[in-house]
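Colleague: I'll drop the sequence and a predicted model, then ask my questions.
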Amino acid sequence: MGTTNSAAAVMEAGRPVVIPSAEGPTVAGKMFPSVVAFTADGQLLVGEPAKRQATANPERTIFEIKRKMGTDYKVFIDGKSFTPQQISAFILQKIKKDAETFLGTPVKKAVITVPAHFNDNQRQATKDAGEIAGLEVVRIINEPTAACLAYGLDKADKEMKILVFSFGGGTHDVTIMDFGGGVFQVLATSGDTKTGGADIDNALMQYIISEYKTQTGIDLSTDKMAMMRLKEAAEKAKIELSNVVTTDIDLPFIAMKNNSPMHLHMTITRAKLEELALPIVQRIEEPIRKVLADAKLEPKDIDKIILIGGQTRMPLVRKFIEDLLGKPAERGVDPMECVAIGAAIQGAVLTGEVKDLLLLMYTVITWSRNSRRNIYQNNREKHNHTHQKKPDFHNCCRLSNNCYHTCPTR
Ligand code: AMP
């Protein structure tokens with residue numbers, strides 16, 4: 001359940017398979033845009049169809065509902081109010097339906113991932129969304145933990161410190177995890193919920209607008225329809241420039257001048273995009289430094305770096321992080337699919353399909369080092385999920401019989 005996009009995977013014959021949406025792969029991959037829209041004629045659109053009509057129907061299109069999970073926020077449409085859980089449930093229902101079409105069987109249970117920094121309200125709201133969508137949510141796990149599972153780090157036989165960096169459409173965050181004896185623990189997490197890939201699209205858009213104004217005298221920023229086309233084209237060019245060093249933007253009939261149609265044609269190089277993106281990419285340095293300081297670690301103490309989120313596909317982003325930490329990031333799993341793949345692996349562990357995992361225990365960030373160590377030790381000895389008599393760290397652990405969140409008392 002991403003802020004901008006969501007993704008789903010299933011284990012088939014022991015391997016994780018990413019589920020495509022009914023509309024086919026989107027511009028950024030096999031994603032389900034986390035967008036819900038209510039059309040004027042009463043239709044509910046979810047995913048790619050909702051995203052496509054957003055500019056024409058902005059008041060009735062809902063983006064980034066994940067930011068509101070666990071709050072009292074309401075969406076009001078045609079006199080009806082919807083909670084963030086209900087809006088999220090529409091996205092999950094769409095994923096469930098497309099997964100059922102893809103698999104040819106009903107889908108009843110799900111593992112859903114959340115950011116490591118989500119509190120208990122946000123986790124409970126996510127679980128509720130799943131249940132409204134008709135899914136039994138068998139576990140809520142942290143996104144960075146899921147990413148580690150996708151890379152098979154749970155099979156490592158040594159302790160390690162793992163830094164998971166996530167850069168999506170609207171946010172970025174970084175988590176340091178400690179792994180040992182089958183246990184993943186969050187040592188520290190930090191981030192910025194206001195900087196994401198959309199800021200890079202916007203920087204490129206502003207550049208195109210200014211170049212076009214110099215060339216033609218036309219200010220595209222005052223034309224809503226032109227801005228919509230430009231936004232799509234800028235994101236598409238940005239994505240292409242992760243693989244090629246130059247690309248063309250072609251937008252015919254973008255404006256009128258002296259009663260004649262005007263077209264936009266511009267070549268954008270990767271170097272130009274990187275120049276525009278650098279001030280935005282530099283903003284990721286602060287949370288990375290903060291998370292290292294909070295975990296009382298130096299870059300040299302980090303054993304593995306994992307990148308998740310679509311924006312980490314940009315070569316500049318990978319290079320920036322690798323230079324900052326002085327070591328290469330892992331490769332081999334698509335950063336946009338990584339978390340969904342990890343969730344599928346967790347699902348297979350819960351159904352018994354995957355057996356070679358020891359214990360998966362998810363812990364929160366706010367504990368003192370001592371209590372963390374005690375629980376860690378205790379779990380390493382027990383290697384199971386029996387509920388131990390321990391002080392109640394959270395009330396929420398009484399909410400469900402399933403071990404669905406990070407509560408250390410489970
Ligand atoms: P997410 O929130 O993880 O779905 O990531 C979405 C963000 O990743 C959007 O800003 C996309 O434009 C961006 N993105 C997706 N694929 C790429 C790519 N190949 N290169 C650069 N950015 C990308």
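Modeller: That came through, no problem.
Colleague: residues in contact with residue 100?
Modeller: 106, 107 (C-beta atoms under 8 Å, 6 or more residues apart in numbering). (Glycine included, C-beta is placed from N, CA and C.)
Colleague: what secondary structure does it sit in?
Modeller: helix (DSSP: H, G, I helix; E, B strand; the rest coil).
Colleague: Return the residues of this protein in contact with the ligand.
Modeller: 2, 4-5, 28, 31, 168-169, 197-198, 235, 238-239, 242, 309-311, 313-314, 336 (C-beta under 6 Å from any ligand atom).
Colleague: Filter these down to the ones in helices?
Modeller: 197, 198, 235, 238, 239 (DSSP state H).
Colleague: biggest separation within those residues, which pair?
Modeller: 198 and 239 (12.5 Å; C-beta to C-beta).
Colleague: Going by residue numbers, what spans are helices in the stretch 301-410 of the chain?
Modeller: 315-325, 338-351, 369-382 (DSSP state H, counting those that start in this stretch).
Colleague: Packing partners of the first one?
Modeller: Here helix 315-325 touches strand 160-167, helix 270-281, helix 285-294, strand 304-308, going by 3 or more C-beta pairs under 8 Å, 6 or more residues apart in numbering; DSSP states H and E.
Colleague: quick one: low-confidence parts of the stretch 301-410 of the chain?
Modeller: 356-410 (pLDDT under 70).
Colleague: Need the outlier residue of the chain, farthest from its centre.
Modeller: Most distant from the centre of the chain: residue 258, at 45.8 Å, with distances by C-alpha atoms, centre = their mean.
Colleague: any idea which helix or strand carries residue 36?
Modeller: Per DSSP states H and E, residue 36 falls inside strand 35-38.
Colleague: pLDDT of that strand, averaged?
Modeller: For strand 35-38, the mean per-residue pLDDT is 97.
Colleague: For the ligand, see how far away the residue farthest from the centre of the chain is.
Modeller: 36 Å (C-beta to the nearest ligand atom, to the nearest Å).
Colleague: separation between that residue and residue 281?
Modeller: Going from residue 258 to residue 281 by C-beta to C-beta, to the nearest Å gives 41 Å.
Colleague: which ones are touching the closest residue to the ligand within the stretch 251-400 of the chain?
Modeller: Across the stretch 251-400 of the chain, no residue is closer to the ligand than residue 310, which sits at 2.3 Å (C-beta to the nearest ligand atom). Contacts of residue 310 were listed using C-beta under 8 Å, 6+ apart, and they are 4, 5, 28, 29, 31, 167, 168, 169, 197, 335, 336.
Colleague: distance of the residue nearest to the fifth one when sequence neighbours are not counted from residue 211?
Modeller: Setting aside the residues directly before and after it, residue 31 is nearest to residue 5 in space (C-beta to C-beta, 6 or more residues apart in numbering), at 3.9 Å. Residue 5 sits 29 Å away from residue 211, taking C-beta to C-beta as the criterion.
Colleague: Ok, residue 151 next?
Modeller: 41 Å.
Colleague: Compare neighbour counts for these two and give me the winner.
Modeller: residue 151 (20 against 13; other C-beta atoms under 10 Å).
Colleague: pretty sure that one is touching residue 335, no?
Modeller: No. Counting by C-beta atoms under 8 Å, residue 151 does not reach residue 335; the two are 11.0 Å apart.
Colleague: sec struct for residue 70, please.
Modeller: coil.
Colleague: and if you look at residue 261?
Modeller: Classified using three-state DSSP, residue 261 is strand.
Colleague: Equivalent analysis for the one 4 residues further on, please.
Modeller: With three-state DSSP as the basis, residue 265 sits in strand.
Colleague: ok, now residue 116?
Modeller: Residue 116 is classified as coil under three-state DSSP.
Colleague: Look up which helix or strand residue 50 falls in, please.
Modeller: For residue 50, the host element (DSSP H and E) is helix 48-52.
Colleague: C-terminal to that helix, what's the next element?
Modeller: That would be, after helix 48-52 and using DSSP H and E, strand 61-63.
Colleague: Which strands and helices lie in contact with that next one?
Modeller: Strand 61-63 packs on strand 35-38, going by 3+ C-beta pairs under 8 Å, 6+ apart.
Colleague: buried residues in the very next helix or strand once past the strand it packs on?
Modeller: Per DSSP H and E, the first helix or strand lying C-terminal to strand 35-38 is strand 44-46. For strand 44-46, burial by neighbour count (16 or more other C-beta atoms under 10 Å) applies to 45, 46.
Colleague: ok, back up a step: pLDDT and neighbour count for the ones in helices among the residues of the chain next to the ligand - can I get that in a markdown table?
Modeller: Shown next, in a markdown table, are these (pLDDT from 0 to 100; neighbours: other C-beta atoms under 10 Å):
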| residue | pLDDT | neighbour count |
| --- | --- | --- |
| 197 | 96 | 27 |
| 198 | 94 | 20 |
| 235 | 95 | 21 |
| 238 | 98 | 24 |
| 239 | 96 | 19 |
